[in-house]
Every structure is written in structure tokens, then in C-alpha cells.
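1. Provided below are the primary sequence and the corresponding predicted coordinates.
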6 protein chains.
Amino acid sequence: MKITDWINKDLPEVVKSLEKNILSGFHIQTEEGLNMSGRNEIYAVLDEFLSVLFPGAYSKEKVALEELNFYLGDTLRHITFTLRKQIREVFEFHCDKSDCDECDCDEKAKTVCKEVIESLPNMRSILLEDVSAAHEGDPAARSLDEIVLSYPCIEAIATYRIAHALYLRKVPIIPRIMTERAHSRTGIDIHPGAHIGPRFFIDHGTGVVIGETTVIGRNVKIYQGVTLGAISPFDKDGTPRRDVKRHPTIEDDVIIYSNATILGGGTVIGKKAIIGGNTWITSSVAAGEVIFNNGKK
Amino acid sequence: MKITDWINKDLPEVVKSLEKNILSGFHIQTEEGLNMSGRNEIYAVLDEFLSVLFPGAYSKEKVALEELNFYLGDTLRHITFTLRKQIREVFEFHCDKSDCDECDCDEKAKTVCKEVIESLPNMRSILLEDVSAAHEGDPAARSLDEIVLSYPCIEAIATYRIAHALYLRKVPIIPRIMTERAHSRTGIDIHPGAHIGPRFFIDHGTGVVIGETTVIGRNVKIYQGVTLGAISPFDKDGTPRRDVKRHPTIEDDVIIYSNATILGGGTVIGKKAIIGGNTWITSSVAAGEVIFNNGKK
Amino acid sequence: MKITDWINKDLPEVVKSLEKNILSGFHIQTEEGLNMSGRNEIYAVLDEFLSVLFPGAYSKEKVALEELNFYLGDTLRHITFTLRKQIREVFEFHCDKSDCDECDCDEKAKTVCKEVIESLPNMRSILLEDVSAAHEGDPAARSLDEIVLSYPCIEAIATYRIAHALYLRKVPIIPRIMTERAHSRTGIDIHPGAHIGPRFFIDHGTGVVIGETTVIGRNVKIYQGVTLGAISPFDKDGTPRRDVKRHPTIEDDVIIYSNATILGGGTVIGKKAIIGGNTWITSSVAAGEVIFNNGKK
Amino acid sequence: MKITDWINKDLPEVVKSLEKNILSGFHIQTEEGLNMSGRNEIYAVLDEFLSVLFPGAYSKEKVALEELNFYLGDTLRHITFTLRKQIREVFEFHCDKSDCDECDCDEKAKTVCKEVIESLPNMRSILLEDVSAAHEGDPAARSLDEIVLSYPCIEAIATYRIAHALYLRKVPIIPRIMTERAHSRTGIDIHPGAHIGPRFFIDHGTGVVIGETTVIGRNVKIYQGVTLGAISPFDKDGTPRRDVKRHPTIEDDVIIYSNATILGGGTVIGKKAIIGGNTWITSSVAAGEVIFNNGKK
Amino acid sequence: MKITDWINKDLPEVVKSLEKNILSGFHIQTEEGLNMSGRNEIYAVLDEFLSVLFPGAYSKEKVALEELNFYLGDTLRHITFTLRKQIREVFEFHCDKSDCDECDCDEKAKTVCKEVIESLPNMRSILLEDVSAAHEGDPAARSLDEIVLSYPCIEAIATYRIAHALYLRKVPIIPRIMTERAHSRTGIDIHPGAHIGPRFFIDHGTGVVIGETTVIGRNVKIYQGVTLGAISPFDKDGTPRRDVKRHPTIEDDVIIYSNATILGGGTVIGKKAIIGGNTWITSSVAAGEVIFNNGKK
Amino acid sequence: MKITDWINKDLPEVVKSLEKNILSGFHIQTEEGLNMSGRNEIYAVLDEFLSVLFPGAYSKEKVALEELNFYLGDTLRHITFTLRKQIREVFEFHCDKSDCDECDCDEKAKTVCKEVIESLPNMRSILLEDVSAAHEGDPAARSLDEIVLSYPCIEAIATYRIAHALYLRKVPIIPRIMTERAHSRTGIDIHPGAHIGPRFFIDHGTGVVIGETTVIGRNVKIYQGVTLGAISPFDKDGTPRRDVKRHPTIEDDVIIYSNATILGGGTVIGKKAIIGGNTWITSSVAAGEVIFNNGKK
């Protein structure tokens, strides 16, 4: 059979079968799902957020000093416009449809959008603290600029801080799409629900996992391959443990070396503790303690 | 010496030297290699495959419900056209040249192309099972849509399932280029030769390695950093161990926690076994067993 | 308040605040920083370098054999032009400003640019040795072409070799931006300062970290998750340990299996030693020794 | 006043004033107008029509012979999809809104779209006659290819024939947008309502005007600057003369030289007549007559 | 000689020769000329002006009604930014260089830019009158929308009105570049210096020329090929007649049919006069008179 | 019938019919025609030619003075590469196929390409004379820059001079495609075969037609709508009059005002003659004569 014949005769059957499969019983393929903001648009907004936080590194083109005010204003206006639309769409998608004519999804989206943008100057100050911590924590770093321009943790942490601001305001899906973009680019997987203080530094970073209910204090440093996770996603009778604290608490000034695994919602790593590489920790560590992977302290 | 003089006098010598190096004795730079489909074109076909499987998440632009039939038909026709050409080129490239006028590379390419496209509806059903397993296995997941839109394992597994369909039909090089694209984006490295059952879920995923002869059953869940590898690529006298089973077998309903390493072609992890994090396994584990990294069960 | 009112009344205040934050006391946001070559331009030059080394795999479009000379000449001329400008800018940015009218930043940039381009034919010969080592070291590899087209280590090592040539000539920031691009794409983090011999092979690669003062001999093979790192970035009184050898030395013909961690500037892994997976090494290993992760040899 | 202050204080007033002006009482700026297919989309469809009629000259990229069937099918499918939507929009825009839920605009659009596409093979045959006539009529023409590739009359006439097929089916606005695109590019202004037979040739063409109710027979040749127009757009009491024949009739085998003006709905230029350059004709000319601009015959 | 040898040996001589030619004694090639805003950037600003005047027809993408305020604000801000820079550059280029540190080019540019933008709402009102006049004057016009979307005179007149606002404020070069863009697209050549009242309509338009010192009243209609020109560009002793009125005056309600030529700065066409097609007028015509091309009235 | 059914059932028949029509008996659709360089590629080369002649006006981006040498070299190298390929293709297309293995099309293409590029510096000098003539001839011109940046005659004449250089070397089709691009943009239609001396100026230009065998001396000025044409394309017995002089000769220092028509291969307009507007000339005019359109001198 000639390929053009197959295209005209058999392929339409494949199309119908696939179409039917897509249209049956799955949200992402229902009308609402297909109309929801696609990932590419959310990536574009995220890029704009990064570019107003660090124009020298993340803007698509160079921004001259004299153009800075204009550039920031223009980009923020564009974010306002697109982000509000995206947030409204995900709110409506998760809204109780029967009430939807009466719902306040648009109003809520507007409020969230404004609050997040208004939080940017403060967010940037915290990010500058993160950059300083990186500079002090890595002897290989030559300048603050080198860190902003080349350290993957800056993109990962900045993306997390933006996504966290949306997560706190109960925006569904979008925050997770944002942190997974950073995960893809940096190998650093920070759930937008985690609470992370300033002066946070992740060296190298590939393989780092920070779970949804993790709490991290000020001036914490971690290395590649560190997992801050849950002991098990299920409780004893197999029910998923949603909405409980499943991930550890890391207090101020802690250092966690590469490939350490720290698990459990009740696990607390005390202030100034040092966790050695390749360790496996499922219970709390007192402030100031030093744990090595041979079990010795 | 002025730079324009250097460009006109010295640079041509560099060019000649590099050209000679490129043209001497290396397939990728011979005429066949240069004419073989480049990676960008294969990435483009892969993106089209992903977009017909999950149009809401992977299509470049939004697809309205009323356009869905048209969109699927158009994209599949385009895949037919480009993929057939790419497969023919790699078949011819690996074909015995002396017989090439008589060879059936084009006919084979046509057949492979048609079979793979015809397998898509069934492939999508299996991917929906993978998505459901992710939803049930991760308490942080809020909806099926969130998983399709943001979980890296979906891109990695979907890409693997497409590449595997090509691998089974003995298409060289292309399947590997596809899975390495997913590896680059997700940190999950699945060889297209592995056999993986439905309801497969990888949480976080960075650092996962699944070797060519691995066999994975139904409803298996693994975490970041898990290696399913070979004990050694060589046998005792240093010969590469090609074409033998070098990687483990994982039976149904197994859970493997983060950074576990399971090695060896004869190693079988029995049904419903649980492998703890950071473990190092080189021999079989019985069905239902639970292994921790302190060696205790 | 209507969103357009908020845009016209409140948003300008956010802009001012953010602008002030950006303009105060941070190099990347000072005039010099903003004028310095952005990352996108450096990525573009890196892509051009990769495309003259492996035109079949990295050029944006196919290059016919008869066009090869023209393609190489044109691309190298373009590299000359843009790279020289980028190098001059980073030299000037780090130059002592008071002397800048007299400085020789442009002259130095020209020299570096010429030397690096002239080193390309030799660099390509070494990369071909790397490719051969990959082919011999991985039973799953079917052909040299498959390796160049799909193995992430090739992009990571080629990028490192280019960046290293710049690092040796004391170009700031740019080499690090280059290797971090490869890190983002491959999960392999090689500092441009490391010294690495020919026939270097990294299998799978995700999570590999190779520190700035690492020295690696000829014919070394390492697997995913291997860290060649520092014991601590600080000396006993907390001073960062810059400009000393902090990372290990790996002699010829060594194999290091997955997730092994080798730390310390004085740590030497002797010729033909084999380091097992998941091991934690902080002291030297004699030539020919074999170390397993249960502590036995 | 600083420009940024003016932007924040005065510019919003300009915006409001302009917005109000745009929203008040003008169809093109009402919701329907703004949602109507923009010109760029109609230009895109026109380009696709031209590219299936003359793929060698109007397709964006070269089409190999073996790809021709696929190319035509793909492009026509795309035209079907976008043109039907555009026609439906203009039908609805001109529809009596009160009846619109019951209206058959979509059904009509579908029918028009199918009929026009089905007429393409015949339309192409007529265009080939036009090309032949150009070849026979211009001694400077070296080949049929040169005519298709470089003679502006081919684009103008092909565009007219497509637009005329839509005009005959009472599609509003779109046909006129199409012929005005050709007018812009070629200086040849043919109203889509004119009736023009095969073997039509326009040499040079700039300044040619052919009015809505013009009738042109077979094998007619005209030169640059020729007007086939109305004597006056209004009747004696100033009412616009819509829906009557206002423009002349040109019978078979007539030649009209440059800058001749022929006016009036009752004016008939008889078979094989020759109209000299710079003439001004407002009454009929008998078959076979030759008119010069000095009034002599 | 091989072509690559010619490229390396002879071509550099051509380059040198051309470079020398470009650098010697010609403003457009001096540093100032090369830095002056290129035509493409001015075209881009012109497109933005047209898109805020008629968003339904000239914006690149559809603008929903709810986005209109945002769209206008954003586009006008962008115009402000780029146009001010372009005007400053042409002012400086024509400025007396010796005084340039003291010059007020930037301040003047800012003022011009603001005034022109502030004049847009009024300019749009006048353009709507032009559109209405077209609708009333052409029986073939079906709706106001059709006119905005397809009549070339709208683009020509709108472009002229924008350029005229700049010309009045003594901006060099830019107004002319703008009207020539419209000339290229529509065949209508209106000098930005002409004074043209509201309700101006040009039917068909190709070949129309309106000179720099032309004055046109209210409600004037002209057809294709009409020239409003100078008798001679030079006075009796061959001196160019700059800065005098060289082109005619057309009073209110005049109609000028196709290809009429009206010449001379003292020539006045009186109110309500009608000028027939193909006429040649070099002296005044009284109000209400009707002139035919056979000399009869 | 649903539209998707029509697409799958009826549309393929339309495709087949159109394909058959395209493939039957017409060069532009034969394999050679389809492989011949498309118009877009020739437009791209033409743009590159214009940009090396007037980089300030025709280059896509600004060219800094220090980049000029590099820019010219790079663009000319690119022209060499693409133009040679295009010329070879049209030579081969018109070559006697039976001899084609022996033909020297490639060698001839190489020679033409080199000669045309080598003629560019001289061509630019002549174009500068044209620009000067425009400046002296139009009182509305304010500067040489304004002329290069905005006068359509510059693009038309520069394009003609490039195309003429190819025409002289017997390159088929390409020269005509080039001049028709200028015709489309400027309304000025100059056949590439015409011979035109330096200091040539066309004011306004729309509607100008200059035939293939026209000869124009030095310092000639013409206005819009001027035709320099043939009396008839056929001789008395209807044979096309190819390869004879069919168009007039215009000697030095002649001025031809708007819409004048001058016809005939034997017609000579003598040195310093002035031809008035709207005149119709079919016989020679003596040197120094002045012709008005009322027949008086």
C-alpha cells in the first residue's frame, strides 16, 4: 500500500481512536483543560519575573541603565496582564462550576497578581542575601556577578521564591509548573510549598529534593544530592498523608553535605548542626551536632 | 598583527586543519553522517509525538476542542512524512552499502513508521495508567492535570514509550537520541531497550538510571537517584558484555526508595518487595521483602 | 480599584522601588554589569564552538560536505568577532578602572581569542579520543555516531575543554557560564579549572561533580553521581580555602562507579585503581587497589 | 517634566481619550469588528492559495517533486480550516444579529469553502492560459518560468481569480482585502467583482484600474495605466450608483495601450479593436476599429 | 582558481575598496549616519502608530475589547521610548556639532514626541471623517470596515497625518521615510509638508503625487494618477526653488478625476470645481467650474 | 457531509487533480523548475547586495564603523556562496540537457559571480553620482542622507544596476526577478537590459516604465508615469520583435516630465531636450528642443 493511500485511508482511523481517547474522562483533555494556560505561557511569565529581578542576567537583550525604569515598568505591566489571566483560568478550572457565574475568580486573581508584584522589591532583597551567602560559601566564586550569571541555585531559588508567593495565595498548578521548569534546568527540585529563609545556598545542586512541608531557617547551606523528604507517602493503612507535615525542619546555620538524606515531618536538624555526606537521617539532630556517614559524630 | 589580517591569513589554515580532521575516518563526519537526520529534526518529531499524546500540555499553541481532530490529523501526517525519511536515512546509513541499490530500507522505514503511529492510541492508554499511578502515589499531587503539566516523569516515560516502540523495530540511533533529550530535561535516563509495564511512577526523578536490559513489571514506583544497572560492563577477560541481560528484573508492585542501587542481570526484586533508600543490592530479593540501608530487613 | 488604575498609580511605585534596589551596590546591576555580555550571547558562541567541532551533531542545519570549508570559515570568523568583544568586556569589567585608558584589555582579548581558535584542531583530536573511549567502555553503544549524537558526556566534556582553554588564559566568568550551560543540560558539573586528560568517559552522568582543582589522568571512566570534591571549603578558622588544591587527583586508567564520593586535595587515586559505587573516600588509594562500599577491598 | 512622569501622568489620559474614540460608534472597533479576522490572517490564506497554484514560485520553501502530493494536501487542509473560520466570521458580522442563533452562517461558510477549493484545478488551467498569453504577447519574455516567477500580472490575476470565486459566493470584505494586497504589490487594482476571461495579459501593469462591473472577454491585452472605470459614481441627483453596471465591456482579442481611459457601463469595445495609448473613451468602439489619441482612427 | 582561494585572496581587496568608498565623504556612511536610526526602526514605529489608530486593522494580533486600554497604553509607551530616541538622533545629526554639548536636542525631541502623541485622539477623529468621505464617495464600498481594512488611501492618509505632525515640528528625514513607506505600499506619494483638510478621499490611488507646498481644503476627492505638482523645480536662472510655494491650492469640495495634472504654486482650484480626467492645468480654475480634457467646459 | 469527512474523502481528489495539472507540461512545475532557486532566496541575495552598497540604509541592523570591514567581508562571502549556486541552477535549467555532464555551467557561474562582486566598488561610485543628481534636482530634498533613506528611485536604480551586471553576463531569469522586486516596491519598472548612464534621477517614480532596449545617457531626469516603450511588440505580420531595438534612446541632460510617453526603437531625444508632461512622442526630437503637450514647442 502506498504511504499516501495509508495516510488517506488508515490514518484517519488512528486519529479518531486517539481523539476519542483524549476526549474521554480526563481533565487535561476536556474543554477546560485544553483552554487552560499552557505551559509555554507560564514559562514566559516566569522568564519575565526573573528578568525584572536580575535584568543583567535574565533579560533577553541588554538593558541600558537609562532604559531600566522603562524596562521594568513595561515588563511588570505585561506580567500583570498575562499572569492575571492565567491565575483566573486555573481558579475557574478548580472552581465549583455550578456556582461559576457568581464566582469571584477574576477578583481573586486580580488581588493575587497585585500582591505578588508588590512583593518583588522585598523578594529581591532576600535574593541578594542568597547571592551573598553563595559568595561567602564557595571559595571557587570570584565575584557576585559570576554567581548571578552562572550558579544554578540562583535560578532555582529565585523561581522557588516567586512560585512560593503564588502557592501561599492558593494558586493551583502554576507554582508547580514554575518550580519544575527550574528542576529541569538545574536538577534542583524545590516544592513551592516549602518555607525557606534568607541566605540559602545550594552548591552544585543536581539531585537536590526539598519536599512540600519542609521548613528551612536562615543561612542554611546544602550540597548536591541532598534529599529533604518524607519517610513514606502513606500512613499505616495506606492512606496518602496529605496536609500533614511530612518533611523535616532545618534550623538556622545548618550545613548538609552531598547526598545526605533527611526524612520525616518530625525530624529537626538543630541550629549550627553539620550533616556529613551520604548520611541517612530519620530522627532529630541536636543543635551544634556533627554527623558523619560512618555513624560516628 | 591586526585581527582582520589574522582572519585573512592565519584563520584559513585553522579551517583547513579542522576540515581535514573532520573529513578523516569518522562516520559522523563522512558524507553519510552529515546527511543523516540531525538531532534538531528528531527533537521536532519527538515534540510532535508528545503533542498528539497530551495536546493540552505539549502542543505549541492551545488546541480548541473543535480543532482537535484536525490538529491530530495534521500532526500525524507530518510525523509520517518526516519520521519515515529519518528512519530510512538511519537504515541506509547502517545498511551494507554494496547491496544498497537492492536494499529495502525505504520499505522497512515505511512499515516501521506506520506501525508506530498505529500503536499510539494504545500507548496513550498505558500513559494514562502511569498518570493515575502518579496521582495515587504522591500526596503532594492535587490533580491529574497537575501531573501531566508538571511532573518530569511523564515526559520521561512518554518519551521512553515512543523510543521503545522504535527500538523494538530495530531503528538505530533515533530512539537513543530521543531518550537522551528526556534525560537532559528531566535527569531521568531510561534506555529505550528496557521493558517497562504500565502504572510506572518515578517521583522527583533526577539521577535515575535504567539500563538497556532492565525488565520492570506493573505498578512499580521508584524515587530519585535509583540506579538499575550492570555489575560490570565487561566479563572477566575484559570483553564488553553486549547482547546479554546485564540489568535487573523488577517485579510487580515493587517500591524502590531514593538513591538505591540495584545491579546485575540475574538480580530479581520479587513482587511487592520494598527497597529502602541508599541501599546497594547485587543479589535477588524475595517477594514481599523489605530491605533497609543498614542491612537489616 | 480597577486593575488599570492600579497599573497607573501603584505599579510605578513598585517599579521605582525595584529600580532603586537594582541600582544600589551590586556589580551585576551597575552600568558595567548591564553592559557586560549577557548569557544568551555567550551561549550562542558556545553553540558555534560545538558546531565547528561536531558539525553533524551541533550545527543548526545540515552541512553538506562541499559546504564544509565555507561553513567552518564563516563560523570561526563569527566566533572571532563576538568572542573577542565578550572577552574584552569581562577583562575591562575586572580591570583596575583608574588605569583603564592605558589598559591593554583589548590587546589581551585579541590574543586569547586567536590562541583558543588555533587550539581547536588539536582539541578536536582529543575529543575523538574521548569518543573512542566511550565506545569501548559502554556495551550499549552501537556506533561512534550514536555516541556523538546522543551521549550527554560528549557535550559536557567538549564544553569543558573549550571553557578550560579560556580559563587557562585567565578569562573571568565566561568559562563558568559555559560549563554551567552544560551542567544544566547534562547534569554533569565540571569546573573549567579542572585538568582532565584524554580518553575521559562519563557514563549516564547525572549528578557528577568535578571540582576546580581536580586533576584527572588519561583513560579514566566515571559513572553517574560521582563527586570529586573538597573536604571543606574552609580551613580550621573559617577562612575560605581559595587558591589551594582542594580536590583529588585521579591517575590513569582509574574506574569510579556510581555515586562514589572522593574528597580532598591530597587524596590520590592510584593508577588502575577501581572505586566501587556508593563509596566515601577521603584518603589516598594505592595503584591497582579495588575499593567496595562495604569497606572491604 | 521628566518623560517617565509624563508617561505615568499624562499618557494615561491620552490612552483614555483614544480608547473612548475607538469604542464609540464605529464597526471596525466594536467587539465584532475587533474579533473579525485581521488582515494578516487573510494575507496568510492568500499566500497558501498562491502556493498551491504555483508551488515553484510562491511556496515559502522548495517543494521536491516527491513531496508535492503531501504539500498540496497539507496546505489545502490548512486553507480549509482557516478560510472556513474567516468566512464564518464575516458572514456573522454582516448577519442580522436578532436571528443569529438560528442563522446558517457556519453552514454557508463550509459550503463556500469547499466549492472554492474544488474549483482550484480548473482555476489553475485558466491561469496557465494567462501565462501562455503573456509569453506570446511580450517579446522580452524568455520562458514561461520567467513569467510565473517575475511578471506582476500573474500575482495580480491569480489573486483576482481567487477573490472572484469568493465574491461570486457573496463573501463580504475578504475578496477586497485580497485584491488590495495584490494592488499594493503590483500597482494593479482589479475589483474582485469584475468578470475576466482567460488569456488575460497585463504588461508592466502599474496604475491599471479595473472596476467592479467590468466585463472582459477572452484574449485581451492591456498595458500600464489603463483605467476601465465609471463616468461618475453618482447619478444626476447625487445618489451613489450602486448595483448597476458602471464600468465598460471589453470583447475578445482587444488590445488597450498604456494610460488609455475607458469609462461607462454602456461603453463596449468591440472584438479585435485596438485602443491607442493616452486615449479617453466614453462611448462604444466598433469591432476591429483602431483608435489613436489624436482622435484619428 | 578555486572559489575558496578567490574568497581568501581577491575578495578582501574588494572589501577594502568598498569600505574606503563608503567611508569617504558621504554623510550616510559617516559615523553619524550609520548610527542614525535605520529605516526598519522607523517603519516599526509607524506600524505602532497605525495600530493604535486602527487596532482592528493594523495591530499584529487581534486585540480583544477588554485588552484595548492595556494595548493602547503599552504601545504608546513603546512609541514614546523609541520615537524620542530616533528624533533626538536626527536632531543631533543635523545639529551644529561645535555647539553640541550645549545643544537641547534631547529636550526638543522629548517635547515633539509628547506633542505628537497627545495629538493622536484628534488625529483619529479626522481620520474617521476621511473614512466616512470614502464610504460616501465610492458606490463599491459596502461598509466602513471594508474601507479601513482594504482601501489603500486610508494607510496613505493616516501615514501622511502622522508624518505631517512631525514635519510641522521640524523633524528632519523621519517624516519623509514614513510617507515613502506608504508610497511604496499604495502608490500614493504625499509629501509630509502638504496641508490637507478632513474628509479627504483618494480612490484607487496608484500614481497620485501631492507636492510639499500643496494646500488641500475640506471634502476633496481625487482619483488615481492625479499630480499636484510644481511647474519647474528651478527658477529662470536654474536655482532650485526651495522654500517657496511651488504646488497648487485645492479648495473645499473639489473633485479631480484620474490622471489630471495640476501644476504651479499660484494655481488655485476654486470651491466645488470639477477637474476632468487626463486634463493638464497650469492656471487657476474658478469656483464651481467644470473642466474636461478636450478643453471644453 | 461533515467537513472532516469532506477533508478525508473529497479533498484528496482535488489534490490529485491539482498535482496532475502541476506535473503536466510546464517547466516551472517540472523537477528542474521546482529545484530552481525560489524567489525568496533571490530576494535575500538582492537585499545583501543593497546592504553592502548602502549599509546605513539597507542592512538589517546598524553597522558600527569598527564593524564595517567585517560586515562587508562576511556579507560578500555569503553572497558569493548563494549567488553562485543560484546562477549555476538557472544556467543548468536553460542548458542543453543532453550535454549536461560535459557542460561548464558551474565554471561559468563562478566567473559571473566573481566579476559582479568585483564590479561593486565601481557600481557604488556611479550610484553616488545618481544620489548627487537627485539632490541637485529636487528642491524638496534636504540632504544626501534623506535621499538614500527615502527616495524610491535609489532602490530602483541600485537594483537595476545590480541586475544589469547579471544581464550583461547572460544570466537568465534572476535579473528580471530582481528588477520586478524593485518594481513592486517603488512602482518603477526598469528592464535589466536597458543601458543607463550615471547621474540618473527619477522623481516620485510610480508608473515609470523603461523597456529592454532603451539607452539613456548621462544626467537624465524623468518624472512619474513616464513610459520609454515600444510602438508595438509585433512587426507587421504579427511576429514578436525580439532581439531588435524596440525602445527609444535618450541622450545626455534630457528632462522628461510626468506621464510623457516616448515610443520606438528609432526615436532619439537629443541632448538637453525637454519633454513636457502628458506628451506622446513617437518620432525623434532634436537636441535642445522643448516639447509641450499641446503640440507647441
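-> Perfect, thanks for sending it.
2. A:Y58 contacts A:D47, correct?
-> Yes. Counting by C-beta atoms under 8 Å, A:D47 is a contact partner of A:Y58 at 6.8 Å. Every C-beta, even on glycine, is put in place using the N, C-alpha and C of the backbone.
3. out of the two, which sits in the more crowded spot?
-> Neighbours were counted for A:Y58 and for A:D47 using other C-beta atoms under 10 Å in any protein chain shown; A:Y58 has more, 22 against 14.
4. hang on, isn't A:V116 packed against A:A165?
-> Yes. Judged on C-beta under 8 Å, A:V116 makes contact with A:A165 at a distance of 4.8 Å.
5. the helix or strand encompassing A:T80 vs helix E:68-93, what angle?
-> Assigned by DSSP states H and E, A:T80 falls within helix A:68-94. For helix A:68-94 against helix E:68-93, the angle between stretch directions is 160 degrees (axes from the mean of the first three to the mean of the last three C-alpha atoms, to 10 degrees).
6. quick one, what contacts the residue sitting nearest the centre point of chain A?
-> Ranked by distance to the mean C-alpha position of chain A (C-alpha atoms, centre = their mean), the top residue is A:T179 at 2.5 Å. By C-beta atoms under 8 Å, 6 or more residues apart in numbering or on different chains, the contact list for A:T179 reads A:159-160, A:163, A:189-192.
7. also A:G38?
-> With C-beta under 8 Å, 6+ apart as the criterion, the residues that contact A:G38 are B:56-57, B:59, B:61-62.
8. quick check: pLDDT value at it.
-> Predicted confidence (pLDDT) for A:G38: 72.
9. also within reach of chain B: list those from the contacts of A:T179.
-> The subset of these within reach of chain B, by C-beta under 8 Å from any C-beta of the partner chain, is A:189, A:191.
10. so which of the contacts of A:T179 is the most crowded?
-> Compared across the contacts of A:T179, A:I190 has the highest neighbour count, 30 neighbours, by other C-beta under 10 Å.
11. that one and A:G205 touch, don't they?
-> No. Under the criterion of C-beta under 8 Å, A:I190 is not in contact with A:G205, lying 10.0 Å apart.
12. overlap of the contact sets of those two?
-> Joint contacts of A:I190 and A:G205 (C-beta under 8 Å, 6+ apart) are A:A156.
13. near chain D, which residues of chain A show up?
-> A:4, A:7, A:69-70, A:73.
14. pull out the buried residues from the residues you listed.
-> A:4, A:7, A:69-70, A:73 (16 or more other C-beta atoms under 10 Å in any protein chain shown).
15. buried residues, the helix holding A:T80. List them.
-> Buried positions in helix A:68-94, judged by neighbour count with 16+ other C-beta under 10 Å: A:68-77, A:79-94.
16. what's the mean pLDDT across it?
-> The average of the pLDDT scores along helix A:68-94 is 86.
17. quick one: is that helix near chain C?
-> Yes. Helix A:68-94 comes into contact with chain C (C-beta under 8 Å from any C-beta), by way of A:68-69, A:72-73, A:76-77, A:80, A:84.
18. residues contacting the closest residue in space to A:L68 that isn't next to it in sequence?
-> Counting by C-beta to C-beta, 6 or more residues apart in numbering or on different chains, A:L68 lies nearest to C:E19, which is 5.7 Å off, once chain neighbours are set aside. With contact taken as C-beta under 8 Å, 6+ apart, C:E19 is in contact with A:68-69, A:72.
19. break chain A down into its domains, please.
-> Taking automatic domain parsing as the reference, chain A has its domains at A:19-188, A:194-297.
20. quick one: average pLDDT of the last one?
-> Think domain A:194-297. With pLDDT averaged residue by residue, domain A:194-297 scores 91.
21. ok, it near chain C or not?
-> Yes. Domain A:194-297 is in contact with chain C by C-beta under 8 Å from any C-beta, via A:204, A:206-207, A:224-225, A:258-259, A:277-278, A:293-294.
22. which among the residues you listed end up buried?
-> Among the residues of domain A:194-297 next to chain C, those scoring as buried are A:204, A:206-207, A:224-225, A:258-259, A:277-278, A:293 (criterion: 16+ other C-beta under 10 Å).
23. and chain A, which residues reach chain F?
-> A:8, A:12.
24. could you pull out the helices for chain A?
-> A:3-9, A:11-23, A:31-35, A:39-53, A:55-58, A:68-94, A:105-118, A:120-137, A:144-150, A:152-168, A:174-186 (DSSP state H).
25. wait, which of the ones you listed is closest to E:P172?
-> helix A:68-94 (25.2 Å; C-beta to C-beta).
26. report the angle between the closest one and helix A:39-53.
-> 150 degrees.
27. of the contacts of A:G38, just say which sits nearest to chain D.
-> If you rank the contacts of A:G38 by distance to chain D using C-beta to the nearest C-beta, B:E61 comes first, at 13.4 Å.
28. tell me who's in contact with that closest one.
-> Each residue near B:E61 by C-beta under 8 Å, 6+ apart is listed here: A:G38.
29. CA atoms of stretch A:154-163 as PDB?
-> The C-alpha coordinates for stretch A:154-163 follow below in PDB (Å, rounded to 0.1, in the frame of the first residue of the first chain):
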ATOM      1  CA  ILE A 154      20.100  31.300  41.900                       C
ATOM      2  CA  GLU A 155      17.700  30.400  39.200                       C
ATOM      3  CA  ALA A 156      16.300  27.500  41.300                       C
ATOM      4  CA  ILE A 157      15.900  29.700  44.400                       C
ATOM      5  CA  ALA A 158      14.500  32.700  42.600                       C
ATOM      6  CA  THR A 159      12.000  30.600  40.800                       C
ATOM      7  CA  TYR A 160      11.000  28.900  44.100                       C
ATOM      8  CA  ARG A 161      10.500  32.300  45.800                       C
ATOM      9  CA  ILE A 162       8.200  33.500  43.000                       C
ATOM     10  CA  ALA A 163       6.300  30.200  43.000                       C
END
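30. quick one: it to chain centroid distance?
-> 6 Å (C-alpha atoms, centre = their mean, to the nearest Å).
31. do it and chain C come into contact?
-> No. Under the criterion of C-beta under 8 Å from any C-beta, chain C is not reached by stretch A:154-163; the shortest gap measures 8.7 Å.
32. so for that stretch, what's the average pLDDT?
-> Average pLDDT, stretch A:154-163: 98.
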